[in-house]
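Colleague: requesting a structural model of the entry that follows:
(2 chains)
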Amino acid sequence: MTDRQLASVADDLTMWAALRRHTQARIGLGRAGSALPTRHRLELQAAHAAARDAVHSPFEPEVVAAGLTGEPTVRVRSAAGDRLTYLQRPDLGRRLDDIDRAHLPGGDWDLVFVVADGLSSRAVHEHAAPMVRATTALLDPGVRVAPVILAEQARVALGDDVAHAMGAAMVVVLIGERPGMSAADSLGAYLTYAPRPGTTTDADRNCLSNIRPPLGLTYETAASKLAALMGRARELGLTGVGLKDESDSLAPPLPGPSSGALPPNPRSSNAGGAG
Amino acid sequence: MSSYTSTLGGHRYRFDSLARLLAAASPERSGDRLAGLAADSAQQRVAARWALAEVPLAQFLAEPVIPYEDDDVTRLIVDTHDLAAFAPVAGLTVGGFREWLLSEAADAAALAAVSPGLTPEMVAAVSKLMGNADLVAVARKVRVVTAFRSTIGLPGRLATRLQPNHPTDDPAGVAAALLDGLLLGSGDAVIGINPATDSPRAVRDLLELLDGVIQRYQIPTQSCVLCHVTTSVDLMERGAPVDLVFQSIAGTQAANASFGVTLGLLDEAYAAAGELNRGTVGRNALYFETGQGSALSADAHHGVDQQTVEARAYAVARRYDPLLVNTVVGFIGPEYLYDGRQILRAALEDHFCGKLLGLPMGLDICYTNHADADDDDVATMLTMLGVAGASFVICTPGGDDIMLNYQSASYHDALYLREVLGLRPAPEFEAWLDGIGLLDERGAIRDVSGTAHPLTAIGKELAA
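Modeller: Coordinates of the predicted model:
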């Protein structure tokens, strides 16, 4: 290679390195013929493997329970008996196993946290307990918080079934989001006021997506947004499209798809993706 | 309502309506099982196909799968049906129609002539009797040519959508990904961004960014920021540089309502886009995305299987002479299409049905990470759809979309497909690529990494 060509290659590398500051997209990968260079092909496969493993790693409720240090927990399962059923039958993942429903502690609860494995138990193992602690710390002392429910093979709407069975006025479902290749550990938080299984819809929820410090939302930011939403939900007696997230001034720009109520277009509404 | 019967293996199977028959005849897929519409057994599925093969095509005009009075898509299908165009196949059964489609008599001209006489239910029905190779062989014969600033769908051509998405719509991030795609010869179908929000301001900023690049480098292509149709109409009224008007559509009135659209809204958008007249070589100004499962997901499928409902979305699309239509085939997730095998089958069905109904069909060949699929499935799908004559495919950097968190084809994949099948970009875009020094002596995309190229000015400015 001539000096001039070498200088061009260096120039090119510098340019792509500079451009990568602006995006995590896999740009400037180079070519082997028409295909990807070996290194990039293997990197993509590694990222896909991490995402696949996140989807299929079993939920370990004791990991979350250990992080909750002393708070009471109750373990439940959905009606989807295994992962394969869970992936193909969202209807079963939204419903409690009947035996588990009978054993839930009823009470005059204002709020119940449901920690649901969703599509990434890794996200739940890493982020659910700190989120429960951060959120609980911001609640008025008078708020009656139920034991934390740890739910296996669970979709977001399982929280409706849980809250209804326990007599809780509001539910926060903390759930592992659909893994992307650049993030396999993203936690979503879904807030629903007065949930009723079968009649509550996704439009009745508020969603915070991409809780994943340090790259995504921090626990503190997510918890303060969630606590603010809960306060407004109690005043208005509703959640969902009628309740807008007005706490944006507290938050840094979101690194993921937007928070707030879910938009109606499926191509732009994959926040969570664990519905 | 009629009932349909057949006997297989000594057992008599009965299907209580055309909709039930179509659903039972559908290849196995998780979405139909979820909806409670799938065949109970492998034998019942084949029995349904025997019964379906005997149904006269004319029966589909007599027995709408969703009642006329309940659904405006049914009304559209019935009211715009062209009986004269239907005449050559009016006497055929579904089984006979399959054989006619595969015969030499059904050449490009014959298929184009019969297209306005076909309904979505007829093409969905015949697809259920066809193997994957049948779906390729027939789709390959159909030619649908559309144009705006580039011409899409010509024989021997494959266009691509360059998709430079960014999770916060950061202009520098979008521009970096745009440069990457252009240097790999992508973008002749459209440079299309899925924005992170539907805010008109954010959409306008992205439109102006794309328009700026297209004008500065005189690229014969069109831009699209895929926002809700009402946002586009609003932005057009305010003078934003809207090339293509986008909308996600589905096959029932209720499913479209869940997207916040009606046929009336689409009529308005169609008229508004036509008035702008921003195309140079053609006037097709709409862009639609569809995908199996959206009607079920919106609880708006009326007991119709997901592939038949998908084909009905194409009846909506063809009313508006779109430049581009693509199925986002594996996007919604494994509860609708479980694995690579189901996604491939759906891709071939969607492409076949859309083309027979006269649409410029492309695909987002994709999967989510919770589906049982990988990059080999993408390669298989690309190759088959390339052979089948797909108008365009969607491409992302490295096949990884960091905004929508799913896997699609990459710019490299498109290079592969053009190379192995001898396909070329849209003619106007090919001439531009050549003019800007991106084609080698064989007409393939030159590897310009490490060389000073005029387009890298985009990157150098950003990097500075």
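
Colleague: what's the residue closest to the geometric middle of the chain?
Modeller: Looking at chain A here, since you left the chain open. Centroid check for chain A by C-alpha atoms, centre = their mean gives A:Gly188 as the closest residue, at 2.1 Å.

Colleague: nope, chain B
Modeller: Geometric middle of chain B (C-alpha atoms, centre = their mean) lands on B:Asn326, at 1.9 Å.

Colleague: now that one, what's its secondary structure?
Modeller: strand (DSSP: H, G, I helix; E, B strand; the rest coil).

Colleague: if I pick residue 186, what's in contact with it?
Modeller: As the question left the chain open, I've gone with chain A. A:Ser120, A:Ala123, A:Gly176, A:Glu177, A:Pro179, A:Gly180, A:Ser209, A:Asn210, A:Ile211, A:Arg212, A:Gly216, A:Gly256 (C-beta atoms under 8 Å, 6 or more residues apart in numbering or on different chains). C-beta: built from backbone N, CA, C; applies to glycine.

Colleague: you answered for a different chain; I wanted chain B.
Modeller: B:Thr160, B:Arg161, B:Leu162, B:Cys395, B:Tyr411, B:Ala414.

Colleague: sorry, back to before: not including adjacent chain positions, what is the nearest residue to the residue nearest to the centre of chain B?
Modeller: B:Gly362 (4.1 Å; C-beta to C-beta, 6 or more residues apart in numbering or on different chains).

Colleague: which secondary structure elements does the helix or strand harbouring that neighbour contact?
Modeller: When elements are assigned from DSSP states H and E, B:Gly362 belongs to strand B:361-364. The elements that strand B:361-364 packs onto, with contact taken as 3 or more C-beta pairs under 8 Å, 6 or more residues apart in numbering or on different chains; DSSP states H and E, are strand B:324-328, helix B:340-356, strand B:392-396.

Colleague: list the buried residues in stretch B:35-45.
Modeller: Counting neighbours by 16 or more other C-beta atoms under 10 Å in any protein chain shown, one finds that the buried residues in stretch B:35-45 are B:Ala35, B:Leu37, B:Ala38, B:Ala39, B:Gln44, B:Arg45.

Colleague: what about those, which are in helices?
Modeller: Counting by DSSP state H, the buried residues of stretch B:35-45 place B:Gln44, B:Arg45 in helices.

Colleague: reformat the buried residues of stretch B:35-45 as a markdown table; add pLDDT.
Modeller: Listed next are these as a markdown table, based on pLDDT from 0 to 100:
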| residue | pLDDT |
| --- | --- |
| B:Ala35 | 96 |
| B:Leu37 | 97 |
| B:Ala38 | 97 |
| B:Ala39 | 98 |
| B:Gln44 | 97 |
| B:Arg45 | 98 |
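
Colleague: same for chain A: which of the buried residues of stretch B:35-45 are within range?
Modeller: Applying C-beta under 8 Å from any C-beta of the partner chain to the buried residues of stretch B:35-45, one finds that nothing falls near chain A.

Colleague: wait, which of the buried residues of stretch B:35-45 is closest to chain A?
Modeller: B:Ala35 (9.8 Å; C-beta to the nearest C-beta).

Colleague: contact partners for the closest one?
Modeller: Counted by C-beta under 8 Å, 6+ apart, B:Ala35 has contacts B:Leu296, B:His301, B:Gly303, B:Asp305, B:Gln306.

Colleague: no more questions from me, cheers.
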